[in-house]
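Asks: make a model of this:
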Amino acid sequence: MRQRLAKGRELPRRFLWPVIALLSLAALAPLRAVRSANPPAAPAAESSSVVVLKIDGEVAPVLAAYIGEGLDQAAAQHAALVLITMDTPGGLSDSMRQIIARILASPVPVAVYVSPAGARGASAGFFILLSGDVAAMGPGTHAGSASPVMAVGGFVVQIDETMKKKIFSDSTAYLRSYAGQRGRNPALAETAITEARAFTEKEALEGKMIDLIASSPEDLLRQLDGREITRFDGTKVKLSLAHPALTTLEMSSRQRFLARIVEPDLFFVLLIFGALGLYAEFTHPGLIFPGVIGGICLLLALYAMNFLPVNAAGLLLIVLALGLFMLEAKFTSHGILAGGGIIAMFLGAIFLIRSPLTRGGVSASIALAVTLPFAVLTIVLMRLVLRSRGWKASTGREEMIGMTGTVVTAIPGGMDGAPREGMVRVHGELWRAVAAQAAGEGEQVRIVSVEGLTLRVEAAGAAAAEVHK
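Replies: I've put the predicted structure just below:
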């Protein structure tokens, strides 16, 4: 009986594991159905990093430093492409060559794109455009007009034919050195230097100076996706830009500040503020604040003058205006000198910077807005200085000259020999006093001069008596 009962107990255990297995399969069946209905999503396609830099304004050392730092950062990020959008009237040759050298040596392919509509890549910008691995332009843009302008110390100068040929020959050779390597048309590009020609985007494309026309940066990247380009060292690279991730690098605060200084309008404002601050300090010594601000403004203006084509005639007109304002304060001209000074300063501002690189120089609105207040302040300050020369001193010992006092201790006469001192009360204070003539106690005396702590006095009626004589 015990053996039968034992066998009866073992029978359910024999079938226990198969039952558990069947139940597990039944429980997992719905999960399998859900997985088959919702298969796992495919991994997202890897995006390509595109670093965007901007050339907007004159090509100057600050801009060259910004482009160089941007290219270094793109290389550190292993970017697929550097996109330089450009709208510039040109700039300095040295800064242009620094930018081109960095583009040619960049380990990351560089596309230079003249954009948006209405933008230009003129003068130095034309050289930069042709230096890129990809040169592109947007609809309604133009490039060219790359004839060099000679400037010495910030002043535009005329050059003789021999020097002109040397400069043009150097510029055309420099352009051929990399434009041909990029597979572009150097012969046509040279006419932008020798003949100052400019080209629309269609003319540049037909002349094989650029690679394509794109309506927007996104359109440009779409056209470049899968395109094979030849780097400057001859290696071929296929661009993969199906999923571009754009990162725009802006100028730092320091770079933006330095870039603003070389703008003609701000340069003129700094120049005038510097002159006004120093003028106020020289005419009113001890104010300190105008002198400090004026010195800073003038130094910043001198910094900008190294990079801007300053016209000497404009500076001379501004100096003439300052002289006319001073004369107006000194002489009565019924406003003729002041009017002449205003006209001279306004014309000086207009003539100060005249170059195609600076978009017309100082604007008329800024010239007028600065000239009128400057004229008023200069005339007012000068008149205050001239009037102050006739004012009687109101502080210090000089204030006491001409005042009267009362003799407290009699003053013996004879200050030319061995004078003896008496005492005089002035403003409630007791002073030692000497006099040429004796003065008795209680008499009124007038102070002639102050020597140390001793007053030289005379009888108060002496001056009046001299007048009546």
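Asks: hmm, residue 85 and residue 50 touching each other?
Replies: No. Counting by C-beta atoms under 8 Å, residue 50 does not reach residue 85; the two are 11.7 Å apart. All C-beta atoms are positioned from the backbone trio N, CA, C, and that covers glycine.
Asks: residue 410 reaches residue 438, doesn't it?
Replies: Yes. Look at residue 410 against residue 438 with C-beta under 8 Å: they come within range, at 7.1 Å.
Asks: mind checking pLDDT for residue 20?
Replies: Per-residue confidence (pLDDT) for residue 20: 50.
Asks: residue 320 now?
Replies: If you check residue 320, the pLDDT there is 92.
Asks: could you do the one 4 residues further on as well?
Replies: With respect to pLDDT, residue 324 scores 88.
Asks: which helix or which strand is home to it?
Replies: Per DSSP states H and E: residue 324 is located in helix 312-330.
Asks: and that helix, how far from the chain's centre?
Replies: From the chain centre to the centre of helix 312-330 is a distance of 27 Å (C-alpha atoms, centre = their mean, to the nearest Å).
Asks: for it, buried residues please.
Replies: Across helix 312-330, burial judged by 16 or more other C-beta atoms under 10 Å covers 314-315, 317-318, 320-322, 324-329.
Asks: got the CA coordinates for it in CSV?
Replies: Extracted in CSV, the C-alpha atoms of helix 312-330 (Å, rounded to 0.1, in the frame of the first residue of the first chain):
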residue,chain,number,x,y,z
ALA,A,312,44.1,114.0,-46.0
ALA,A,313,41.8,116.7,-47.4
GLY,A,314,39.0,115.4,-45.0
LEU,A,315,41.3,115.6,-42.0
LEU,A,316,42.5,119.2,-42.9
LEU,A,317,38.9,120.3,-43.3
ILE,A,318,38.1,119.0,-39.8
VAL,A,319,41.1,120.8,-38.3
LEU,A,320,40.0,124.0,-40.1
ALA,A,321,36.5,123.7,-38.7
LEU,A,322,38.0,123.4,-35.1
GLY,A,323,40.0,126.6,-35.7
LEU,A,324,36.9,128.5,-37.0
PHE,A,325,34.9,127.5,-34.0
MET,A,326,37.6,128.9,-31.7
LEU,A,327,37.7,132.1,-33.6
GLU,A,328,33.9,132.4,-33.4
ALA,A,329,34.2,132.2,-29.6
LYS,A,330,36.8,135.0,-29.5
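Asks: so what does the next helix or strand after it touch, helix or strand wise?
Replies: Next helix or strand after helix 312-330 toward the C-terminus (DSSP H and E): helix 336-352. For helix 336-352, the packing partners by 3 or more C-beta pairs under 8 Å, 6 or more residues apart in numbering; DSSP states H and E come out as helix 264-283, helix 312-330, helix 364-388.
Asks: contact partners of the longest one?
Replies: The contact list for helix 364-388 (C-beta atoms under 8 Å, 6 or more residues apart in numbering) reads 265, 268-269, 272, 276, 279-280, 283-284, 321-322, 325-326, 328-330, 338, 341-342, 345-346, 349-350.
Asks: may I see the buried residues of it?
Replies: Of the residues in helix 364-388, 367, 370, 371, 374, 375, 378, 379, 381, 382 count as buried by neighbour count, 16+ other C-beta under 10 Å.
Asks: output those in CSV, with pLDDT appended to each entry.
Replies: Formatted as CSV, the buried residues of helix 364-388 follow (pLDDT from 0 to 100):
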residue, pLDDT
367, 88
370, 89
371, 88
374, 86
375, 85
378, 80
379, 79
381, 74
382, 74
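Asks: got the contact list for residue 406?
Replies: When contacts are counted by C-beta under 8 Å, 6+ apart, residue 406 touches 424, 425, 442, 443, 444, 445.
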